[in-house]
Each structure stands twice: as structure tokens, then as C-alpha cells.
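Undergrad: Sequence first, then the predicted structure:
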Amino acid sequence: MGKTFIRRLAAIVLLSILPAALVLTVVAARGALSFWWLALALGLGLVGGALMCALVVRLLLERAQVLEQGARDLEAKRPPMRLIHSERLMGGAENHLLAAGDQLVREVLALAEQRNELSAILRGMSEGVVVTDSHGQVLLTNGAARELFGLAPEADYRGRSLVEICREPALQQLLQRSIAQPGAVVANAEVALPGGAIRHLRVTAGVVGEAGAGRAARVLLLYDITQLKAYENLRSDFIANLTHEIRTPLSAICGYAETLLLGVDNADARQRFLAIIERQAHRLARLVDDLVSLSDLERGLTPLRCEALQPRRLLEEVIELIQEQAERQGVRLAIDCPPQLPELKGDHDRLHQVLINLLDNAVKYSASGGVVTLAARMAPGGDGVELVVADRGEGIPAQYIPRLTERFYRVDQARSRELGGTGLGLAIVKHIVQLHHGELLIESRVREGTTVTVRLPLEGAAGAPIVNGIPRAAL
């Protein structure tokens, strides 16, 4: 409490007893009252006034301390706990003030809790969130938005224009269109972010509320649809390729069948046409079988039945199945498998399918007089077995190797169809190897040949059927 207030309070007390003192002085001057009694009365009045002044000052000091403590509690965001008895001076007003402060602190704490919850939600969202004011100035960005735009994780972008964090014109146009639209109209757009790999975003701009100075006006939700776009393109390519692959044998079958129905007098021509129809029908049947196999593998409908397998025996069984085809094409098959090689765990029929597909490709693309080697050996590190198919054919240019396991992908379209390939063999091989927790490696040099390596672990998920690379026991 200030000294000025105490001086003023003392002056008020003196002024309050001054009229009585003047009256008593006049009475004493006329002889009606002794000056000793006058001095005693004035002294008692001064003492009483001083005591009352001290009581008032003490009471005000107590109230000031209570209010000061309440202010400290509010600054520390603690509810002020000191209460005043309402019958005392200013008690009701002080209680009201402290109750209001208590309520304010509770609301501030609730807002802080809600802010923390909102921050946790924004951090956990896979969608990007950008909040701007009515002028397009950024007020908030979450981690997903920073990642999409390639921004620094810890940098503060508040107060910057949206164009500073993303220069894509389509995004700026979307925000301006959203700000220009009246009411709670939601604007949508698809945006492609350039860079090393193009990222496709679906952006939604919505209204936050009536924005004042510095307040949020628009919230942009950014959905990364890059993978969805890739799936859509893959589906479109698959349908186009499948349609083309089916149309080719069907056209041959329909054409030669119509020719035979019209009548062919030459017996040799009839036999040739029937052979073509049979060959194309078998090709169509192989395509359907491969499609069914690939679909079942991708959807996990073909569980693996793992067992202990002897690598050399597995290679010999595959050689027996391909030997006749190789002899027709003048290709020699060779086995390279050390006798001490340990057993591996895998599905016998599926690994047969893998090696037959690889060996069939190697024989088809080898020239007459060539050699195709089917080998088994320990993997580097000794934790697995490698099954290797190597030929000395024309080889494959390096830029085409990463796409060889795509469905219907062929390096030489015309020759592959001429040899009866469906374009699905390596895709099937890739999925079977993945189900065995293995690895598929393809190495090739033009005019030197191709080597395909299937690396399988010695201890796979033996005894547990596998679906999409996960043992069924773990599902």
C-alpha cells in the first residue's frame, strides 16, 4: 500500500476531529472548560483516530495481500484458493473476484488440454493439414504437410504466405477460389507436386470460421494419392495388356475356325489350320492358368506346404520335365550341385513351378547348341541356398531388367508371343519367392547370357503355411 494513501487517510482523520477540536477550544477560551480537559479530549481524539486509521490500513493491507496472492496464482495458472469471509469488508467482492479467477484458470487449463490433444491428433495424422488466415498467410502446418512439401521439420512457417511453402499454382488457385466462395463451400482439387518423383495430392479447402485479424479462415487437407494413382495406372495397363493377350489367340482361333466352316478342300491345309487352332487354344489355356495362379498368389489363396527338400533331387526332377523341349531346340541342360549341400525348407510344387518357369525361359531364348545350367549352391553367409538358372543366350539390356517381373512385360514382344509366352511367368516366380521369404536376383549382359538366382533361407516358415509372406500361425 502506498505512503500517499496513508498520508491522505491520516489527513482525513485529522479533518474529521477538527470541528470538534475548534468547538472545545472556543468553550475553553470562555472559561467554561479547563484547558487540561481540552488537552485530554484532543489527545484522546487523536489517539482514537490513529487507532482507527491503523485498523483500516491493516485491513486494506490484508486485502491487498489476498489479491496479490490471487494474481500470482492466476499467473501460474493455479486456481486461487484463499477465501475471504463475506461478512468482512469487501469480502463478497473479493470472493466473487477469486471465483471468477478460479473459473478462468479452469477454462485456460481446459483449453491447454484441448490444444495438446489437437497437437497430438495433428502429429498422428497421415494427411497433411495447413491452416491459413483470410489473406493466405500460414497459421499452422502439421508434420505430414511438412513432409509432403519437403519442409524443415522444426522451422516456423507461421505468418508466411502459402506460396512460400508450396509454389504449385494449382494449390494457390484452390485457396483463392475457396476464399472467394461465400459460406461454408468446400473446394476440391488434385495437385501434382513436381520433384524427383511426382507426388499426387487431393486437396480439400474448407472454412474454419469468420476470420478476424490473425484468425484462421481456411483449412487445407492434403491426401497423398500417389500410390492410388499408381494402382489405377497399373490396373489400366493390366486390363489393356490382358485384352491384347486374349485377343491375339482368339482372333487366330475365330479366323481359322470360320475358314474351316466355309470349307477347305486341301487336307494338308485343314490339318495346318486345326494345328494352329489347337496351338492358340493351348496358349489361351496357359494364359488363363497363369492368371488364376497369379491371382491366387497375390490374394494369399495358395498357402505353402513346406517340407525338407534335397536341392539336387529338386533340380533333377525339373530337368526331366524340360529335357525333351531342350532336345527339340538343340539346347543342352547341365546340373551343378555339390553333394554336401544341406536341405532347404519350402513348398515342393511351388519351387518346381519357379524352376520350370525359369528353365523354360532359358531354353526358349537360347540358340541351338547352347547350354543352360541349373545349379544349387550355398548363399553368401551360409544362411541359405541359391538355386541358379544360367544361359548363354542373347542377354537383356540393363535398363529392362527392373521391369522383368511386371505382369505382361516383355523385352521382345514379337518373339515372346511367337514362342508362346504369356508374360506372367516371372511375375509368378517373384510372388512364390516372396512367399518363401526369399530373394530373386536377375543379372544379364547383352550377347553374354542371363543368370537368374533364387535365394532361399535354410530355415523358412517350415511346417507353417504362408500367406502373403506371413505364416498362417501368425495371422
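TA: Right, received. Where do you want to start? Treat the numbers as computed from the prediction; the structure is a model and nothing was measured.

Undergrad: For this protein, which segments count as helices?
TA: 3-29, 35-75, 91-124, 143-149, 162-165, 169-180, 226-262, 267-299, 311-328, 348-364, 413-418, 425-435 (DSSP state H).

Undergrad: Any buried residues in the fourth one, and which?
TA: Within helix 143-149, the residues that count as buried by 16 or more other CB atoms under 10 Å are 143-146, 148-149. (Glycine included, C-beta is placed from N, CA and C.)

Undergrad: Name the nearest of these relative to Leu162.
TA: Phe149 (10.0 Å; CB to CB).

Undergrad: That closest one contacts Val163, doesn't it?
TA: No. Assessed by CB atoms under 8 Å, Phe149 is found out of contact with Val163, at 11.5 Å.

Undergrad: returning to what we had before: what two of the buried residues of helix 143-149 are the furthest from one another?
TA: Maximum distance among the buried residues of helix 143-149 (CB to CB): 11.1 Å, for Gly143 and Phe149.

Undergrad: Ala145 touches Val130, doesn't it?
TA: Yes. If you go by CB under 8 Å, Ala145 and Val130 touch, sitting 5.2 Å apart.

Undergrad: Relative to Ala145, how far out is the spatially most central residue of the chain?
TA: In the chain, the residue lying closest to the centroid (CA atoms, centre = their mean) is Ser126, at 4.6 Å. Distance, Ser126 to Ala145, by CB to CB, to the nearest Å: 11 Å.

Undergrad: coming back round to it: quick one, which of the helices of the chain is nearest to Val385?
TA: helix 311-328 (5.9 Å).

Undergrad: Got the domain ranges for this protein?
TA: Domain segmentation of the chain under automatic domain parsing yields 3-109, 125-224, 230-299, 306-474.

Undergrad: Other residues contacting stretch 361-372?
TA: Under the criterion CB atoms under 8 Å, 6 or more residues apart in numbering, residues 322, 325-326, 329-334, 359, 389-394, 419, 421, 425-426, 450, 452 lie in contact with stretch 361-372.

Undergrad: Then stretch 274-285?
TA: Residues contacting stretch 274-285 (CB under 8 Å, 6+ apart): 246, 249-250, 252-253, 256-257, 260, 420, 422.

Undergrad: picking up where we left off before, now render the domains of the chain as JSON lines, adding distance to Ser119 and mean pLDDT.
TA: Formatted as JSON lines, the domains of the chain follow (distance: least, CB to CB, whole Å; pLDDT from 0 to 100):
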{"stretch": "domain 3-109", "distance to Ser119": "15", "mean pLDDT": "68"}
{"stretch": "domain 125-224", "distance to Ser119": "9", "mean pLDDT": "79"}
{"stretch": "domain 230-299", "distance to Ser119": "32", "mean pLDDT": "82"}
{"stretch": "domain 306-474", "distance to Ser119": "35", "mean pLDDT": "81"}
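
Undergrad: which of those domains is buried the deepest?
TA: Most buried of those, by mean neighbour count (mean count of other CB atoms under 10 Å): domain 306-474, with a mean of 17.

Undergrad: Mutual contacts of Ala145 and Val130, please.
TA: The contact sets of Ala145 and Val130 overlap at Leu222 (CB under 8 Å, 6+ apart).

Undergrad: wait, which of the helices of the chain is closest to Arg403?
TA: It is, among the helices of the chain and with distance given as CB to CB, helix 425-435, at 9.8 Å.

Undergrad: Now the closest one - C-alpha only, CSV.
TA: Written as CSV, here are the backbone C-alpha positions of helix 425-435 (Å, rounded to 0.1, in the frame of the first residue of the first chain):
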residue,chain,number,x,y,z
GLY,A,425,6.0,-66.4,-65.7
LEU,A,426,8.4,-64.1,-63.9
ALA,A,427,5.6,-62.3,-62.0
ILE,A,428,4.5,-65.7,-60.7
VAL,A,429,8.1,-66.6,-59.8
LYS,A,430,8.5,-63.3,-57.9
HIS,A,431,5.4,-63.9,-55.8
ILE,A,432,6.4,-67.6,-55.0
VAL,A,433,9.9,-66.5,-53.9
GLN,A,434,8.5,-63.7,-51.7
LEU,A,435,6.2,-66.2,-50.0
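
Undergrad: angle of that helix against helix 348-364?
TA: 150 degrees (axes from the mean of the first three to the mean of the last three CA atoms, to 10 degrees).

Undergrad: Please compute how far helix 425-435 lies from its chain's middle.
TA: 27 Å (CA atoms, centre = their mean, to the nearest Å).

Undergrad: Can you tell me which of the buried residues of helix 143-149 lies closest to His200?
TA: So of these, ranked by how close each gets to His200 (CB to CB), first place is Leu148, at 10.7 Å.
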